[in-house]
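Engineer: Please work out how this folds:
(one chain, ligands or ions: 1)
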Amino acid sequence: MDARGTEGTERAERTTRVDIGAFGIRPARIVHVELLGLVRLPAHGGARAPKAPKSSVSTKEIQMTTPRKVAVIIGSLRKDSLSRKLAHAVIAMAPASLKCEVVEIGQLPLFNQDYEADPPTIVRDFKARLESMSSVLFVTPEYNRSVPGVLKNALDIGSRPHGKSSWNGRPAAIISVSPGAIGAFGANHHLRQSLVFLDMPTMGQPEAYIGNAAGLFDEKGSLVNDTTRGFLQKFVDAFALWNERNATR
Ligand SMILES: Cc1cc2nc3c(=O)[nH]c(=O)nc-3n(C[C@H](O)[C@H](O)[C@H](O)COP(=O)(O)O)c2cc1C
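Structural biologist: Numbers count the residues shown, from 1 in each chain. A predicted model of the protein is given here:
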């Protein structure tokens with residue numbers, strides 16, 4: 001199995017060519033299954049993944065004069081957060097068509113509808129920053145089989161006042177992260193549910209449930225697992241293409 005994801009992808013400062021066939025859903029799914037620890041692949045790697053629907057786009061040129069700005073929202077405030085380490089690994093491998101920046105959410109107040117008509121500066125700044133972005137990448141742990149409260153709070157703050165949501169229409173992708181075996185599946189899908197209502201077209205494939213995450217990094221916090229690195233490269237390349245299809249700014 002080769003899930004390294006560099007095949008078929010060229011990088012250039014202004015032009016990124018993404019061959020969707022190269023991130024083929026099949027290897028991504030195999031990685032996903034391995035991460036979940038649900039299926040043991042035979043030594044010869046002969047496991048069959050479910051057939052993914054064929055994309056209507058086989059190859060697409062991404063030609064941009066300026067990269068698309070991606071807000072990276074991390075659902076953990078913890079200093080040694082695995083989600084944060086993973087987010088930084090993904091940012092470092094993003095293609096040139098994406099300019100990823102972490103938008104912090106830990107300083108936001110708890111949402112209170114009493115203040116939504118005249119929100120504090122910190123909330124105004126947060127909303128303005130989101131509105132300057134083309135798309136959003138969420139990297140989150142799971143708390144009690146759902147999204148951490150701090151992330152839900154950020155979603156709620158960005159969504160108000162009614163009719164002035166700062167998330168509106170921005171393409172999104174989700175990476176859920178856990179030291180456990182099931183890769184924060186519950187958080188991933190609860191978040192997906194909110195993003196439907198927020199009208200954020202959310203990438204369906206590849207899915208990213210990063211399980212057993214504590215073993216993926218060295219003591220400096222660098223991602224050291226090549227299979228996961230290869231999978232994440234495919235994921236972020238797919239997200240670049242998802243941006244081209246769905247971003248309006
Ligand atoms: C309040 C709380 C609830 C948790 N619930 C879950 C859970 O439902 N599923 C899970 O996989 N891990 C759960 N965990 C463990 C987290 O996955 C673990 O602490 C993880 O490292 C948090 O992500 P971070 O490293 O990015 O901070 C929970 C942790 C906390 C503090």
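
Engineer: At the contact with the ligand, which residues of this protein appear?
Structural biologist: Contact residues (Cβ under 6 Å from any ligand atom) of the chain with the ligand: 76, 78, 81-83, 141-145, 177-180, 184. All C-beta atoms are positioned from the backbone trio N, CA, C, and that covers glycine.

Engineer: Strands - which of the residues you listed land there?
Structural biologist: residue 177 (DSSP state E).

Engineer: how about low-confidence regions in the protein?
Structural biologist: For the chain, the stretches with pLDDT under 70 are 1-65.

Engineer: could you pull out the helices for it?
Structural biologist: Ranges of helices in the chain, per DSSP state H, are 25-36, 82-93, 121-131, 149-159, 185-197, 226-246.

Engineer: now these in TSV, with mean neighbour count?
Structural biologist: Converted to TSV, these look like this (neighbours: other Cβ atoms under 10 Å):
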stretch	mean neighbour count
helix 25-36	20
helix 82-93	21
helix 121-131	15
helix 149-159	20
helix 185-197	18
helix 226-246	22
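
Engineer: circling back: of the residues of the chain next to the ligand, buried ones?
Structural biologist: Buried subset of the residues of the chain next to the ligand (neighbour count, 16 or more other Cβ atoms under 10 Å): 76, 81, 82, 83, 141, 142, 143, 177, 178, 180, 184.

Engineer: From the opening residue of stretch 218-237 to its closing one, how far?
Structural biologist: Counting by Cα to Cα, to the nearest Å, you get 24 Å between the two ends of stretch 218-237.

Engineer: again with stretch 105-115
Structural biologist: Chord length of stretch 105-115, first to last residue, is 18 Å (Cα to Cα).

Engineer: Could you do stretch 87-105 as well?
Structural biologist: OK, stretch 87-105 end separation, Cα to Cα: 14 Å.

Engineer: what does stretch 85-102 give?
Structural biologist: End residues of stretch 85-102 are separated by 12 Å (Cα to Cα).
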